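**Q** model this:
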Amino acid sequence: MVAKYIDTNFDQFFDKYNNILIKSESYVTKRQSIKLLGEVLLDRQFYEIMTRYVESGDNLKLIMWQLKDDRKMVQYEAFHVFKIFAANPNKSPDVKRLLTMNRQRLLDFLPNFLADRTEDDQFSDEKSYLIKQIKLLPQTPSQQSRNASQESSR
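**A** Below is the predicted model:
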């Protein structure tokens, strides 16, 4: 029932969710909203919503800003949403472009991201996997469009 409602009201729902809850000044509201978003996007019942959400470059930008929040748990929850964008094998052109434009910054940022979480093996494994995925991205957006045009001409 909830998945159907969100799917039907997708733009209105996420406009409010992102702008009121995720951009909230309240630590608890922000952290719990990002955590809930991650849980919803990974729930099988919300697959269609997840695919729509991760197609948006604006949603990716919002989550990338949360990775830089000065509160570690907000960063941690944002990481779990970010990995859905970065690990998606069917990235939208907008998401590919943003990740490619920020490729080097992400490669500089991620190795030291939450480096004190040494006891969390799953987090370390996921972070390593994302770094590998980002390294596979083209180094420049123009390289990406050249590669795409070469593939489409085959």
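**Q** and the spatially most central residue of the chain, what's its pLDDT?
**A** In the chain, the residue lying closest to the centroid (CA atoms, centre = their mean) is F82, at 2.5 Å. Looking at F82, its pLDDT is 98.
**Q** tell me which element it is part of?
**A** Element membership for F82 (DSSP states H and E) is helix 72-87.
**Q** neighbours of the nearest residue to F109 once chain neighbours are set aside, just the number please.
**A** Sequence neighbours aside, L67 is the residue nearest to F109 in space, at 7.6 Å (criterion: CB to CB, 6 or more residues apart in numbering). No exception for glycine: its C-beta is placed from N, CA and C like everyone else's. L67 sits with 19 neighbouring residues when counted by other CB atoms under 10 Å.
**Q** same thing with the one 5 residues further on?
**A** With neighbours defined by other CB under 10 Å, the count for K72 comes to 11.
**Q** for it, give me its contacts.
**A** By CB atoms under 8 Å, 6 or more residues apart in numbering, the contact set of K72 is L114.
**Q** could you check how far it is from K135?
**A** Taking CB to CB, to the nearest Å as the criterion, K72 is separated from K135 by 25 Å.
**Q** now do R52
**A** 27 Å.
**Q** ok, these two, which is more surrounded?
**A** When R52 and K135 are compared for neighbours, R52 comes out ahead with 17 against 11, by other CB under 10 Å.
**Q** check which helix or strand that one maps to.
**A** helix 47-53.
**Q** list the buried residues for that helix?
**A** Across helix 47-53, burial judged by 16 or more other CB atoms under 10 Å covers I49, M50, R52, Y53.
**Q** OK, contacts around the last one?
**A** Y53 makes contacts with F14, L41, N59, as judged by CB under 8 Å, 6+ apart.
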